[in-house]
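*Asks:* Sequence plus predicted model, see below.
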Amino acid sequence: MAFDVQQMALAEHYLDVGQPERTLELLSTADGDSFERPDYWRLRTAALYELERYKEAVRAAGEGLARDPHWIPLLYLRAMAEGELDKLADAERSILAALELDPEDPYLLCGYARLCARAGQLAKAERLVDEAARVDPENPAVIQMRGFVAYLRGRNRKAQKLGEEALAIDPESSSAHSLRGAAQLQRGDVRGARRSFETAIRDDPTDRALGEAVRGTRVATHPLLWPVLPLERLGVAGSWVAAMATIFGLRALGLGTAAGIAVVVWLVIVVYSWTAAPAAVRWLERRQQL
Amino acid sequence: MAAEDLLRPTLQEHLPRTGVRPWRLGSQVYVAFFGGVLAVTAIAFLNAGMLHTPARVRAGILAFGAAGLTAVIVLAAVLLGGDDVPSGARTALTFVGVLAWGGMFLLQRPYDRVYATFSREKDPDEQYESLIGAGLVAVVLGFFVQITIVTAVAG
């Protein structure tokens, strides 16, 4: 059967609507001539990437690049798949080969930033996304990547702001909702994070990380955990330092009894947070809300 | 860094992650609370290695540990030197450990987020190793070493 332009467009459509397995099914009907078209390999690589079949994605990209070594979308996809396999040296060679062809492509710059972030080179990742923002400041993908790097660097306020900026441009973006949720969670706004994650997962129900985030925030906002919810604002480190500062302060003021009570209250809070969370999980699982 | 410098390769020496799982940063506070500054420094230093942090982060952890130990020695000399031991002395020593951990937490946090974000395992319970065994050893050893130092200083 001849594999025509319309079928290629349909394969692309399946990819766009989150059905990569149907893209692969359709591509499997292609004939010999189609294998010479770079788009065939781009779609195949992208579908395999979406299905997290990264080794096959790298192989498919290699097939396409054997036919056209300068096909930027395939170089990009191969780099991303190699990145997922933690082969960052190979991934860097692929992305730099693409950047050599187009050093100002904001998607390539963001892709390279993602690889650097993965290796823990967060300062370089930040400079790369800043460069991408200089080239295309209004691009929602660039804004999101800037937010993602800010989140990794612990700049939660900036990450949330950039997530909201991306949502102002594209309110349906699952990844922007997810970014905002992650930043909200780190800032202690657990209820806001839950709303963001629940919105994000509606568009991407197969995302395992998002599934865990929804589950975690549903547990954290369960009524059993309301007594410890305000401590989320301070975070683990902030809560402990604040508790110790209070106890130390009371001792220093000579208020030994009050300090003793503060110790007991703090230990009760800690033990309660340990025991209430599993109880909330069981509660939600029984009601099939997790 | 100029734009062309940004495109110089920097990932060619990258080694793939081993299967070793780090400990949760939040759990390390219990080591600081019960074991003191030496115990938490050991745990944070080992954890920084498991998170593949750069050498400067590990040096920073050791610096916080050294600063904390100095504070413990000074406090021991000042508060425990005479016969009249103030009631807040032990709390002060615990506070030093928790405060030092706060700095170590901030140093490890970006690398912990990188690990958690890019980990293939998405369930947080599966991403991290339990700190109970190593933490308990660190608490016992750290506590006794610290108490020995404090006793020697207080003399």
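*Replies:* Perfect, thanks for sending it. Numbers count the residues shown, from 1 in each chain, chains lettered A, B, ... in the order given.
*Asks:* where does the helix or strand that contains residue A:63 sit relative to the chain's centre, distance-wise?
*Replies:* Taking DSSP states H and E as the definition, one finds residue A:63 inside helix A:54-67. Its chain's average C-alpha position is 25 Å from that of helix A:54-67, according to Cα atoms, centre = their mean, to the nearest Å.
*Asks:* does chain B sit close to it?
*Replies:* No - figure legend: helix A:54-67 not in contact with chain B (Cβ under 8 Å from any Cβ of the partner chain); closest approach 10.2 Å. The C-beta positions use only the backbone N, C-alpha and C, and glycine is treated the same way.
*Asks:* What mean pLDDT does that helix get?
*Replies:* The predicted model assigns helix A:54-67 a mean pLDDT of 95.
*Asks:* what does it contact?
*Replies:* A:35-36, A:38, A:40-42, A:44-46, A:48-49, A:71, A:74-75, A:77-78, A:81-82, A:84-85 (Cβ atoms under 8 Å, 6 or more residues apart in numbering or on different chains).
*Asks:* let's see it at 7 Å
*Replies:* A:36, A:38, A:41-42, A:44-45, A:48-49, A:71, A:74-75, A:77-78, A:81-82, A:84-85 (Cβ atoms under 7 Å, 6 or more residues apart in numbering or on different chains).
*Asks:* again with stretch A:128-147
*Replies:* With contacts defined as Cβ under 7 Å, 6+ apart, stretch A:128-147 is touched by A:104, A:106-107, A:109-110, A:112-113, A:116, A:149, A:159, A:162-163, A:165-166, A:169-170, A:173, A:175-176, A:179, B:3, B:6.
*Asks:* A strand includes residue A:206, no?
*Replies:* No - read with DSSP: H, G, I helix; E, B strand; the rest coil, residue A:206 is coil and lies in no strand.
*Asks:* Look up how far chain B lies from the nearest residue to it once chain neighbours are set aside.
*Replies:* What sits nearest to residue A:206 in space, not counting adjacent residues and going by Cβ to Cβ, 6 or more residues apart in numbering or on different chains, is residue A:18, at 7.7 Å. The gap separating residue A:18 from chain B is 18 Å, by Cβ to the nearest Cβ, to the nearest Å.
*Asks:* Give the buried subset of the contacts of stretch A:128-147 as a PyMOL selection command.
*Replies:* To isolate the buried ones among the contacts of stretch A:128-147 in PyMOL, judged by 16 or more other Cβ atoms under 10 Å in any protein chain shown, type:
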select buried, (chain A and resi 106+107+109+110+112+113+116+149+159+162+163+165+166+173+175+176+179) or (chain B and resi 6)
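*Asks:* Sort out for me which of the contacts of stretch A:128-147 are in helices.
*Replies:* Judged by DSSP state H, helices contain the following of the contacts of stretch A:128-147: A:106-107, A:109-110, A:112-113, A:116, A:149, A:159, A:162-163, A:165-166, A:169, A:175-176, A:179, B:3, B:6.
*Asks:* Next up, phi/psi of residue 53, please.
*Replies:* Here I'm looking at chain A. phi -100, psi 70 (degrees, to the nearest 10).
*Asks:* That was the other one, I meant chain B.
*Replies:* For residue B:53, the backbone dihedrals are phi -80, psi 160 (criterion: degrees, to the nearest 10).
*Asks:* Now do the same contact list for the residue nearest to it when sequence neighbours are not counted.
*Replies:* Nearest residue to residue B:53, sequence neighbours excluded (Cβ to Cβ, 6+ apart): residue B:111, at 4.6 Å. By Cβ under 7 Å, 6+ apart, residue B:111 lies in contact with A:120, B:51, B:52, B:53, B:57.
*Asks:* Tally up the residues packed near the first one, please.
*Replies:* The burial metric for residue A:120, expressed as a neighbour count using other Cβ atoms under 10 Å in any protein chain shown, is 21.
*Asks:* which element is it on?
*Replies:* Applying DSSP H and E, one finds residue A:120 in no helix or strand.
*Asks:* So in chain A, which helix runs the longest?
*Replies:* helix A:256-286.
*Asks:* That one near chain B at all?
*Replies:* Yes - Helix A:256-286 comes into contact with chain B (Cβ under 7 Å from any Cβ of the partner chain), by way of A:256, A:259.
*Asks:* in a strand, that's where residue B:18 is, yeah?
*Replies:* No - looking at residue B:18 with three-state DSSP, it is coil, so not inside a strand.
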